[in-house]
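Q: sequence isn't available, so here's the structure alone:
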Ligand SMILES: *Cc1c(COP(=O)(O)O)cnc(C)c1O
């Protein structure tokens, strides 16, 4: 018999999603308008706090693209971007025909390194062009070094686009991720901590920029009796059906964060006993991670357990694992662009692995994972 597959981070429905979809059908709001969208946006605004204006969009990638658009990023402009990330952080830079400049990670949070960032900024200034934006990422749910990076952003007056695609529920100094950018994004793709089946939000800091985002997300339609356009726009709004799923998912968000953090403790108990394997953890009390994915690094080159071996052993038991994100500066797509740093993220990529971290992992699944890891050690 085929063993049940254990996935890295599958969707986990809460129970009320269908009810909200039914509402949309009952009221015939099966479009990009309706009460699910309104409620989804409002609930997120309350969750994120004060200064957050939320626009629901078709994806996190669309949100990053509109963020660049709002900051007027154009052909030939420099945009600084964390190299260690999923390609969706950087693709929208190319949509705008701008020039990505990639920045290394520091080894504490695995996110954008303040020193390398400053080197990159100085390089751009030397070329006679101030970068239009800094794209920071909170990878695997770990917040970046917020204070240090915000200070650099202020010093050089370069706005931050905070890619918190993976970090809903994470906090820095008690403030939720999604608060740290001039514009911030969160993804609700199927593999994230909660999902709308596919979707994202763009968070801005005032009503005026929210209006602008809505305008660009709905084909840049001007307020006339006929269809009037003078700028290029996009069809990027979230549907009221997807927002219904999101509404149901927001009801269980707190529970999902607790479960992900429980998964982390499960792995911590196992890896405490390994000298050669490190579980990636919060560096100190300022950082609160949703532990979207648990990741380990293999710290001994000559160890008999390698990431390839572990991946294969898990795969034989129908358990999914993944290597870490391959940095953008090592991708063929971006090989002609500049990179600043000492390849901290390339080394992490070489020695790291992501482990199953879904909130629907059962005790049975955990036993299976634990037995494999313990047998491997002996
Ligand atoms: C998932 C993800 C995105 C893109 O979000 P989509 O909703 O899938 O478009 C962007 N950045 C990072 C770091 C992600 O993990």
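A: Received the coordinates, thanks. Since we're looking at a predicted model, the values are computed, not measured. Numbers count the residues shown, from 1 in each chain.
Q: tell me which element residue 371 falls in.
A: For residue 371, the enclosing helix or strand under DSSP states H and E is helix 363-377.
Q: what's that helix packed up against?
A: When contacts are defined as 3 or more CB pairs under 8 Å, 6 or more residues apart in numbering; DSSP states H and E, helix 363-377 packs onto helix 253-271, helix 307-316. In this view, the C-beta of every residue, glycine as well, is placed from N, C-alpha and C.
Q: list the contacts for the residue of the stretch 251-378 of the chain found nearest the ligand?
A: Nearest to the ligand, among the residues of the stretch 251-378 of the chain, is residue 325, at 7.7 Å (CB to the nearest ligand atom). Listed by CB atoms under 8 Å, 6 or more residues apart in numbering, the contact partners of residue 325 are 84, 85, 86, 139, 349.
Q: max pairwise distance over those residues: which two?
A: Largest separation among these by CB to CB: 86 and 349, giving 12.5 Å.
Q: closest one to residue 175 among the helices and strands packed on helix 363-377?
A: helix 253-271 (15.1 Å).
Q: how far does that closest one sit from its chain's centre?
A: 18 Å (CA atoms, centre = their mean, to the nearest Å).
Q: helix or strand next in line after that helix, which one?
A: Per DSSP H and E, the first helix or strand lying C-terminal to helix 253-271 is strand 277-279.
Q: mean confidence score for whichever helix or strand comes after that following strand?
A: Of the helices and strands lying after strand 277-279 in sequence (DSSP H and E), the nearest is strand 287-288. Strand 287-288 shows a mean pLDDT of 98.
Q: can you give the strand pairings for strand 287-288, parallel or anti for each?
A: Paired strands of strand 287-288, with direction, are strand 171-172 (antiparallel) (DSSP bridges).
Q: need the distance between the two termini of stretch 70-78.
A: This stretch, stretch 70-78, spans 15 Å end to end (CA to CA, to the nearest Å).
Q: what about residue 261, neighbour count?
A: Neighbour count for residue 261, taken as other CB atoms under 10 Å: 16.
Q: do the same with residue 347
A: Residues lying near residue 347 (other CB under 10 Å) number 14.
Q: now the helices and strands packed on helix 363-377 in JSON lines, with distance to the ligand and mean pLDDT?
A: Listed next are the helices and strands packed on helix 363-377 as JSON lines, based on distance: least, CB to the nearest ligand atom, whole Å; pLDDT from 0 to 100:
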{"stretch": "helix 253-271", "distance to the ligand": "15", "mean pLDDT": "97"}
{"stretch": "helix 307-316", "distance to the ligand": "20", "mean pLDDT": "95"}
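Q: for these, which one ends up most surrounded?
A: For the helices and strands packed on helix 363-377, the largest average neighbour count (mean count of other CB atoms under 10 Å) is found in helix 253-271, namely a mean of 17.
Q: can I get the helices and strands packed on helix 363-377 in TSV with distance to residue 76?
A: Formatted as TSV, the helices and strands packed on helix 363-377 follow (distance: least, CB to CB, whole Å):
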stretch	distance to residue 76
helix 253-271	41
helix 307-316	40
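Q: quick one: closest of these to residue 213.
A: Among the helices and strands packed on helix 363-377, the nearest to residue 213 by CB to CB is helix 253-271 (22.9 Å).
Q: show me what the closest one is in contact with.
A: Residues from elsewhere that reach helix 253-271 (CB under 8 Å, 6+ apart): 12, 47, 141, 168-169, 193-194, 277-279, 281, 289-292, 294, 296, 355, 357-359, 361, 366, 370, 373-374.
Q: got a quick PyMOL command for the buried subset of those residues?
A: Applying 16 or more other CB atoms under 10 Å to the contacts of helix 253-271, the buried members can be selected in PyMOL as follows:
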select buried, resi 12+47+141+168+169+193+194+277+279+281+289+290+291+292+294+296+355+357+358+359+361+366+373
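Q: ok, for the residue of the stretch 1-150 of the chain found nearest the ligand, nearest residue in space, not its chain neighbours?
A: As assessed by CB to the nearest ligand atom, the ligand sits closest to residue 60 within the stretch 1-150 of the chain, at 2.6 Å. With sequence-adjacent residues excluded and distances taken as CB to CB, 6 or more residues apart in numbering, residue 60 is closest to residue 187, at 3.0 Å.
Q: identify the bridge partners of that neighbour.
A: residue 200.
Q: was I right about it contacting residue 62?
A: No: counting by CB atoms under 8 Å, residue 187 stays clear of residue 62, with 9.9 Å between them.
Q: spit out the residues that contact these two alike.
A: Joint contacts of residue 187 and residue 62 (CB under 8 Å, 6+ apart) are residue 200.
Q: more neighbours: which of those two?
A: Shown here are residue 187 and residue 62; by other CB under 10 Å, residue 187 has more neighbours (29 against 24).
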